[in-house]
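Novice: Model the structure of this input:
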Amino acid sequence: MQVWFAEHPLVAYIVIFVLITYVYNKVFRVHQKLPLLKEIILYMLMAMGSGMLLIFQHDKLPIIQCLLVAVGLMLLVRIRYFVEGRQKKKNADTSMK
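Specialist: The predicted model follows:
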């Protein structure tokens with residue numbers, strides 16, 4: 001996988017940018033929207049940061065794999081919250097009867 005991403009740097013850059021954007025939007029974004037100019041600046045900085053991480057990825061550091069693990073853990077937490085919410089709702093429904 002590492003070799004394939006080294007041979008296809010544009011794909012690696014896009015994957016890194018998408019994963020970083022997902023992590024930012026799910027973890028660090030505040031509930032209110034930023035003004036448009038700040039939003040543009042933020043995404044430009046993330047694009048430059050993705051370029052830096054692409055250099056690290058090309059130097060054989062597992063950047064994409066680490067981002068995939070982070071996204072996977074975030075999905076596990078979301079699934080856990082979903083299951084806990086269903087259990088709480090089910091317990092609340094049974095206690096009302």
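
Novice: any idea which helix or strand of the protein has the worst average confidence?
Specialist: helix 2-7 (a mean of 87; mean pLDDT, DSSP states H and E).

Novice: In it, which residues are buried?
Specialist: residue 5 (16 or more other CB atoms under 10 Å). For glycine as for every other residue, the C-beta is placed from the backbone atoms N, C-alpha and C.

Novice: ok, and what's touching that helix?
Specialist: Contact with helix 2-7 is made by 11-12, 15, 57-58, 60, 62, 64, as judged by CB atoms under 8 Å, 6 or more residues apart in numbering.

Novice: Same check on stretch 27-35?
Specialist: Counting by CB under 8 Å, 6+ apart, 39, 42, 74 sit against stretch 27-35.

Novice: for the helix or strand hosting residue 94, packing partners?
Specialist: Using DSSP states H and E, residue 94 falls within helix 63-96. The helices and strands touching helix 63-96, judged by 3 or more CB pairs under 8 Å, 6 or more residues apart in numbering; DSSP states H and E, are helix 9-23, helix 36-58.

Novice: which stretch among those comes nearest residue 91?
Specialist: Evaluated over these, closeness to residue 91 peaks at helix 9-23, with 32.2 Å, by CB to CB.
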